[in-house]
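K.L.:
just need the structure, nothing else, for what follows:
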Amino acid sequence: MTLAALETNAQSHGLTLRAAINPTGDLAVNGAKTVVLLGPHEPKFWPYVQTQPEFLDGHPHPMDRWSRRVMTHLATPMDGQVYLPSDGPPYPPFIGWALASDSVDTSPVGLLVHADAGLFLSFRGAISLPERYTLPQMSPSPCESCTARPCESACPVGALGKDQIYDVPRCKAHLRTSDGVACLSGCLVRRVCPASHRLDRDPAQSAFHMAAFLKDK
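P.N.:
Residues are numbered from 1 along each chain as shown. Below you'll find the model as predicted:
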């Protein structure tokens, strides 16, 4: 199976290929020659997962359970191994994998950015493959052509900004106030990114993740 075939199969399950590398050094896992990172295929993703068994059975962690089932289905025909961002500790090096690809960069506010997903870039999982594949050609960082850079000043409490470390406690404190309601349907910084607008992401999906973010200690 080719990477193109893997992506076609992934898209039929609401996912798409967001980054891929031929890992070396600390980024190599279990002798893998290729690692692919899959994220939501918008705008199909959210309506699709809402119909899946994991979201209907009432048990905790539906997103992780769905991700593992589908990623395993995709990986098995290619003798691949599945990794989720929640696996750990120790946690898989998703940020390192992403930045080692030619499709992900660091934005001015420190968040990862992608040409097609903007600041709404996320990964549902990764598949390590024993075969070395030629990597697909990706688009350059959208930040290179962005002159307005609205992300730098969008956070209402300055938890995210240019050349600073993300102040998570300040962000969560704001979200728990009445003034933070506007952020609960999606981080304002992520939403103002011009590249994020291309994704057509359902606000309900962002609200789901923001709720999980608030529960996370």
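K.L.:
my guess is residue 114 contacts residue 103. True?
P.N.:
Yes. The criterion here is Cβ atoms under 8 Å, and residue 114 meets it with residue 103 at 6.2 Å. To be clear about C-beta, it is placed using only N, CA and C from the backbone, and glycine gets the same treatment.
K.L.:
hey, what's in contact with both of those two?
P.N.:
Shared contacts of residue 114 and residue 103, defined by Cβ atoms under 8 Å, 6 or more residues apart in numbering, are found at 18, 19.
K.L.:
counting neighbours, go ahead and name the busier of those two.
P.N.:
Using other Cβ atoms under 10 Å, the more surrounded residue of residue 114 and residue 103 is residue 114, with 27 against 24.
K.L.:
which non-adjacent residue is nearest the more buried one?
P.N.:
Nearest residue to residue 114 in three dimensions, chain neighbours excluded: residue 121, at 4.1 Å (Cβ to Cβ, 6 or more residues apart in numbering).
K.L.:
and the strands in the protein?
P.N.:
15-21, 34-40, 81-83, 104-106, 112-114, 125-129 (DSSP state E).
K.L.:
so what strands line up beside the last one?
P.N.:
Sheet pairing here is set by DSSP bridges, and for strand 125-129 it gives strand 34-40 (antiparallel), strand 81-83 (antiparallel).
K.L.:
for the spatially most central residue of the chain, give me the pLDDT.
P.N.:
Against the mean C-alpha coordinate of the chain, by Cα atoms, centre = their mean, the closest residue is residue 122 at 0.9 Å. Residue 122 is assigned a predicted lDDT (pLDDT) of 96.
K.L.:
same question, residue 80
P.N.:
96.
K.L.:
list the contacts for the closest residue to it other than its chain neighbours?
P.N.:
Nearest residue to residue 80, sequence neighbours excluded (Cβ to Cβ, 6+ apart): residue 127, at 4.2 Å. By Cβ under 8 Å, 6+ apart, the contact list for residue 127 reads 6, 35, 36, 38, 71, 74, 75, 78, 80, 81, 82, 83.
K.L.:
which of those sits closest to residue 135?
P.N.:
Comparing these against residue 135 with Cβ to Cβ places residue 36 closest, at 9.0 Å.
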